[in-house]
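>>> how does the following fold in three dimensions:
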Amino acid sequence: MERSVMIVEDEESIRKFVKINLDRAGYKVLEASSGEEGIEIASREKLDIVVLDVMLPGIDGFEVCKKLRADHPHLGIIMLTAKSQDIDKIMGLEYGTDDYMTKPFNPTELVLRLKSLERRLEPEKEGNSLTMEFKPFRIDVYSRQFYKNDLEIELTPTEFSIAKLFIENPGKAFKRDEILNHVWGVDFVGDSKIVDVNIRRLRSKIEEDSSQPSFIETVWGVGYRWKSKD
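Predicted coordinates for the structure are as follows:
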């Protein structure tokens, strides 16, 4: 299935460079030169992934990300930043980004990141087990929907993949690198803090008190685990 990717980047040379490489990789590519244009395109086109620059004229990439995430919770979003400070990466993730890349970047790496994100967007094939339960949670794997007490909680593709990994393996302590390999893929090149930020965001959605989590436990010196039933 051909995936549809929108590039939101005000620098035409970068936008065209990315488009050429994504065209070659077999993606249907749409372009936006501003955040406002990107939001408008997303409102009328069926998109799978957005490659979003932070520094944009008008509303910046963080605000665009926040708007896209609110209107299209299952959309994959990769943030591009020219800055290398952790705070910029973390801010992007807090707004709902699935991944980030620092400019300048290798277009081959961007394609690998897109492929990794695609795997998180893919529903399970029919015939596989379609639901998993760990009360009060239920996951519909085929439609990629997550419920708590039968009320749906909107998760990003990355948050859903992490929750599914945990619920499939209750009581198992995962190192950050193991979570990266399972969710982002073994080809991921980046900061493992991306795991911590997504865990923090997932906790804020599913825990009664994210500062004292009842489900996603921190295993000091190791990583995280889903608390097994008593």
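>>> now the most centrally placed residue in the chain. Nearest residue, chain neighbours left out?
For the chain, the residue nearest the mean C-alpha position is D98 (2.3 Å; CA atoms, centre = their mean). Computed as CB to CB, 6 or more residues apart in numbering, the closest residue to D98 that is not its neighbour in sequence is T158, at 4.5 Å. (Each C-beta comes from the backbone N, C-alpha and C, glycine too.)
>>> tell me the buried residues in stretch 181-196?
182-184, 188, 194-196 (16 or more other CB atoms under 10 Å).
>>> could you export that stretch as PDB, CA atoms only?
Extracted C-alpha coordinates of stretch 181-196, given in PDB (Å, rounded to 0.1, in the frame of the first residue of the first chain):
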ATOM      1  CA  ASN A 181      14.400  -2.100  19.100                       C
ATOM      2  CA  HIS A 182      10.800  -3.300  19.500                       C
ATOM      3  CA  VAL A 183       9.100   0.000  18.700                       C
ATOM      4  CA  TRP A 184      11.500   2.100  16.600                       C
ATOM      5  CA  GLY A 185      13.500  -0.700  15.100                       C
ATOM      6  CA  VAL A 186      17.100  -1.900  15.300                       C
ATOM      7  CA  ASP A 187      18.100   0.700  12.700                       C
ATOM      8  CA  PHE A 188      17.100   3.600  14.900                       C
ATOM      9  CA  VAL A 189      19.900   6.100  15.500                       C
ATOM     10  CA  GLY A 190      19.100   8.700  18.100                       C
ATOM     11  CA  ASP A 191      18.800   9.500  21.800                       C
ATOM     12  CA  SER A 192      17.200   6.800  24.100                       C
ATOM     13  CA  LYS A 193      15.500   9.700  25.900                       C
ATOM     14  CA  ILE A 194      12.800   9.400  23.200                       C
ATOM     15  CA  VAL A 195      11.700   6.300  25.200                       C
ATOM     16  CA  ASP A 196      11.400   8.200  28.500                       C
END
